[in-house]
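# Prediction below, plus the sequence it came from.
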Amino acid sequence: MAHGPAKGISRWLFTTNHKDIGSMYLWFSFAMFFMGGIFALVIRAELFEPGLQIVEPAFFNQMTTLHGLVMVFGAVMPAFVGLANWMLPMMVGAPDMALPRMNNWSFWILPFAFAMMTSTLFMEGGAPNFGWTFYAPLSTTYAPDSVTFFIFAVHIMGASSIMGAINIVATILNMRAPGMTLMKMPLFVWTWLITAYLLIAVMPVLAGVVTMMLMDIHFGTSFFDAAGGGDPVLFQHVFWFFGHPEVYIMILPAFGVVSAIIPTFARKPLFGYSSMVYATASIAFLSFIVWAHHMFTVGMPLFGELVFMYATMLIAVPTGVKVFNWVTTMWRGSMTFETPMLFSIAFVILFTIGGFSGLMLAIAPADFQYHDTYFVVAHFHYVLVPGAIFSITAAVYYWLPKWCGKMYNETLGKVHFWLAFAGLNITFFPMHFSGLAGMPRRIPDYNPLWADWNMISSIGSLLFGAAQVLFLYIVIRTIVSGRKATDGVWDGAEGLEWTVASPAPYHTFTTPPEVK
């Protein structure tokens with residue numbers, strides 16, 4: 001007996017349609033983004049002025065832990081997987097993802113993982129309170145009982161990421177349209193192919209380190225317990241061997257998004273396509289050999305510090321190539337400044353600021369001063385908020401007309417951009433100053449010396465949060481009652497959306513016969 005298409009909740013529970021699954025990933029990540037943002041606002045409210053204001057120190061530490069974990073694993077990564085699900089099959093000319101049932105499963109285990117992680121807030125002893133990096137022995141010897149549920153949740157997230165990455169690799173390598181060679185793929189497809197390989201390589205390392213934690217807690221092993229012959233620094237090595245490539249997993253797809261948007265609104269093909277591909281691959285390779293720059297203060301040999309310092313600085317070279325190519329694409333282009341372009345230009349400028357502070361942190365002797373201060377917090381938020389969050393926002397504005405056939409309100413989009421841009425800089429730029437003045441991170445109370453900068457940061461965080469509420473309103477209003485999108489969504493950019501992201505056919509820029 002033939003069955004019609006599934007209706008209601010069944011459609012979403014059992015769907016194997018890449019667009020449905022992409023939409024679910026995006027809405028889920030949006031929900032997690034708001035939840036992680038609420039955790040951040042609790043942190044900023046506590047730090048509004050010196051003294052203990054509204055929460056206990058233990059709860060403050062739970063907020064710092066959950067904010068980091070939810071933003072990294074619940075907001076940024078699922079959002080990029082959602083964009084991949086929506087766009088990759090269309091960009092490579094495939095009818096769907098290669099493994100559609102696994103695609104469904106990789107999404108539906110995520111809500112259960114995060115429900116388990118956040119439910120630890122209501123358990124005896126409270127949520128994990130050891131920071132998103134969960135260093136042992138703090139996370140093994142002194143942690144609340146809820147750490148076991150946290151470990152299980154991390155395993156489920158990792159399984160979801162690995163399944164999603166396998167699906168992406170299989171789709172790109174096996175389902176491209178005839179004639180689409182690897183070097184004709186849009187940059188977004190390239191960045192996701194490289195990101196997927198990174199995920200497959202490093203998520204098992206995360207699974208390994210949390211399993212070692214589990215053994216230390218429950219089965220009497222001493223991997224990270226010095227009293228039993230273990231080494232707490234081993235934890236940091238294994239964690240950061242996962243953790244540093246993870247940072248690039250959160251930024252490489254952003255490079256692909258921006259490489260699609262800037263050419264559209266500059267009305268020029270992307271400058272230096274092949275160099276962008278090689279730069280992305282170089283960044284991915286180098287991300288595996290720089291992990292110990294997070295550990296300069298553990299007492300490693302001087303030679304080790306030098307190796308990791310120089311390897312870290314080397315990443316600035318391919319990153320500089322990418323920034324140069326984006327700027328050169330805009331150079332003398334017929335630029336217009338619609339909302340996606342505004343977010344992309346802000347990405348280039350602010351991500352570069354984050355890169356410069358990263359170079360400062362790469363200098364081993366200087367890092368002894370910066371380590372575990374708010375300077376580090378400023379650095380990685382300047383990489384991740386303008387990098388990951390702004391690029392995801394730009395992608396939503398850019399592709400939303402394609403997804404739902406409706407056009408968003410351009411004026412509201414620009415108001416959202418300027419609120420978010422101001423909120424971001426007011427929140428995080430002062431942290432450079434309080435960090436250089438010595439303010440330690442993850443501490444709920446502080447010296448009145450840093451009071452002014454903290455008050456400014458907390459006000460900025462409220463502004464940034466308000467901007468995201470406006471974003472939610474814009475998206476819902478567009479889907480419900482937006483005006484119908486035309487075939488050429490971007491005025492004057494018709495037909496460019498797909499072609500400029502990949503290299504032009506070889507004959508397009510050859511010299512005409514009469515000029516020779």
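Right, received. Where do you want to start?
# Could you list every helix and strand in contact with the strand or helix carrying residue 35?
Taking DSSP states H and E as the criterion, residue 35 maps to helix 18-46. Applying 3 or more Cβ pairs under 8 Å, 6 or more residues apart in numbering; DSSP states H and E, one finds that helix 18-46 contacts helix 8-14, helix 57-69, helix 77-92, helix 100-119, helix 390-404, helix 451-481. For every residue, glycine as well, the C-beta is placed using N, CA and C.
# could these go into a markdown table alongside distance to residue 414 and mean neighbour count?
Converted to a markdown table, these look like this (distance: least, Cβ to Cβ, whole Å; neighbours: other Cβ atoms under 10 Å):
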| stretch | distance to residue 414 | mean neighbour count |
| --- | --- | --- |
| helix 8-14 | 33 | 11 |
| helix 57-69 | 28 | 21 |
| helix 77-92 | 22 | 25 |
| helix 100-119 | 32 | 18 |
| helix 390-404 | 10 | 23 |
| helix 451-481 | 11 | 17 |
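# would TSV of those helices with mean pLDDT be doable?
Below are those laid out as TSV (pLDDT from 0 to 100):
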stretch	mean pLDDT
helix 8-14	91
helix 57-69	97
helix 77-92	97
helix 100-119	97
helix 390-404	96
helix 451-481	97
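# Residue 157 and residue 110 touch, don't they?
Yes. Between residue 157 and residue 110 there is a contact at 6.9 Å, judged by Cβ atoms under 8 Å.
# ok, back up a step: so for the helix holding residue 35, what gets flagged as buried?
Of the residues in helix 18-46, 18, 20-26, 28-33, 35-37, 39-46 count as buried by neighbour count, 16 or more other Cβ atoms under 10 Å.
# tell me the angle of that helix relative to helix 451-481?
Angle, helix 18-46 to helix 451-481, by axes from the mean of the first three to the mean of the last three Cα atoms, to 10 degrees: 150 degrees.
# Now do helix 18-46, average pLDDT.
Averaging pLDDT along helix 18-46 yields 98.
# Could you give the separation of it from the chain centroid?
Centroid separation between helix 18-46 and its chain, computed with Cα atoms, centre = their mean, to the nearest Å, is 12 Å.
# Now do it against helix 57-69: the angle between them, please.
Using the same axes, to 10 degrees: helix 18-46 against helix 57-69 is 150 degrees.
# Please produce TSV containing the helices and strands packed on helix 18-46, extended by distance to residue 412.
Output for these, formatted as TSV (distance: least, Cβ to Cβ, whole Å):
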stretch	distance to residue 412
helix 8-14	28
helix 57-69	28
helix 77-92	21
helix 100-119	29
helix 390-404	11
helix 451-481	5
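# what about residue 158, how many neighbours?
22 (other Cβ atoms under 10 Å).
# mind checking which helix or strand it is in?
Short version, using DSSP H and E: residue 158 is in helix 147-174.
# what's the distance between that helix and the middle of its chain?
Remark: helix 147-174 is offset 15 Å from the chain centroid, using Cα atoms, centre = their mean.
# do stretch 385-401 as well
11 Å.
# Likewise for stretch 97-110?
20 Å.
# CA atoms only for it - export them in PDB, please.
Output of stretch 97-110 as PDB, limited to C-alpha atoms (Å, rounded to 0.1, in the frame of the first residue of the first chain):
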ATOM      1  CA  MET A  97      23.100  13.900   1.100                       C
ATOM      2  CA  ALA A  98      24.800  10.500   0.500                       C
ATOM      3  CA  LEU A  99      23.500   8.900   3.700                       C
ATOM      4  CA  PRO A 100      20.100  10.400   4.400                       C
ATOM      5  CA  ARG A 101      19.000   8.100   7.300                       C
ATOM      6  CA  MET A 102      22.300   8.600   9.100                       C
ATOM      7  CA  ASN A 103      21.800  12.300   8.500                       C
ATOM      8  CA  ASN A 104      18.400  12.100  10.400                       C
ATOM      9  CA  TRP A 105      20.000  10.200  13.300                       C
ATOM     10  CA  SER A 106      23.000  12.500  13.600                       C
ATOM     11  CA  PHE A 107      20.600  15.400  14.200                       C
ATOM     12  CA  TRP A 108      18.100  13.700  16.500                       C
ATOM     13  CA  ILE A 109      20.600  12.500  19.100                       C
ATOM     14  CA  LEU A 110      21.700  16.200  19.600                       C
END
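# now what about it, what contacts it?
13-18, 21, 24-25, 28, 74, 78, 81, 85, 88-89, 156-157, 159-161, 163-164, 166-168, 170-171, 174-175 (Cβ atoms under 8 Å, 6 or more residues apart in numbering).
# how about the helix holding residue 158: buried residues?
The neighbour-count check on helix 147-174 (16+ other Cβ under 10 Å) flags 147-151, 153-169, 171-172 as buried.
# didn't residue 94 look like it was pressed against residue 173?
No. With contact defined as Cβ under 8 Å, residue 94 does not count as touching residue 173 (10.9 Å).
# Might you list the low-confidence residue ranges for this protein?
Scanning the chain for pLDDT under 70 picks out 1-5, 491-516.
# Spit out the contact partners of residue 388.
76, 79, 80, 250, 251, 254.
# Then residue 454?
Residue 454 touches 47, 48, 49, 430, 434, 446, counting by Cβ under 8 Å, 6+ apart.
# How many neighbouring residues does the fourth one have?
Residue 430 has 21 neighbouring residues, counting by other Cβ under 10 Å.
# Verify the contact between it and residue 455 for me.
No. With contact defined as Cβ under 8 Å, residue 430 does not reach residue 455; the gap is 9.0 Å.
# Compute the inter-axis angle for the helix holding residue 35 and helix 77-92.
Here helix 18-46 runs at an angle of 150 degrees relative to helix 77-92 (the same axes, to 10 degrees).
# Now do helix 18-46 and helix 390-404, the angle between them.
Orientation check (the same axes, to 10 degrees): helix 18-46 against helix 390-404 gives 140 degrees.
# quick check: angle from helix 18-46 to helix 147-174?
140 degrees.
# Now name the helix or strand holding residue 368.
Residue-wise, residue 368 maps onto helix 364-370 under DSSP H and E.
# ok, and what's touching the next helix or strand after that helix?
Toward the C-terminal end, the helix or strand that comes next after helix 364-370 (DSSP H and E) is helix 374-384. By Cβ under 8 Å, 6+ apart, the residues outside helix 374-384 that reach it are 71, 76, 247, 250-251, 350-351, 353-355, 357-358, 360-361, 370, 427-429, 431-432, 434-436, 439-441.
# Of the residues you listed, just the buried ones, ChimeraX syntax please.
Selection of buried members from the contacts of helix 374-384 for ChimeraX, criterion 16+ other Cβ under 10 Å:
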select :71,76,247,250,251,350,351,353,354,355,357,358,361,370,427,428,429,431,432,434,435,439,441
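# Just want the angle from the helix or strand where residue 340 lies to helix 374-384.
Using DSSP H and E, residue 340 sits within helix 339-362. Computed by the same axes, to 10 degrees, the angle separating helix 339-362 from helix 374-384 equals 150 degrees.
# same for helix 339-362, what does it pack against?
On a contact count with 3+ Cβ pairs under 8 Å, 6+ apart, helix 339-362 meets helix 252-266, helix 302-314, helix 316-330, helix 364-370, helix 374-384, helix 390-404, helix 410-436.
# Just name the most buried of those helices.
Sort those by mean neighbour count, taking mean count of other Cβ atoms under 10 Å, and helix 252-266 sits at the top with a mean of 27.
# counting contacts, what elements does that helix pack onto?
Contacts defined by 3+ Cβ pairs under 8 Å, 6+ apart place helix 252-266 against helix 77-92, helix 187-218, helix 273-286, helix 316-330, helix 339-362, helix 390-404, helix 496-499.
# again, 7 Å this time
Applying 3 or more Cβ pairs under 7 Å, 6 or more residues apart in numbering; DSSP states H and E, we find helix 252-266 packed against helix 187-218, helix 273-286, helix 316-330, helix 339-362, helix 390-404.
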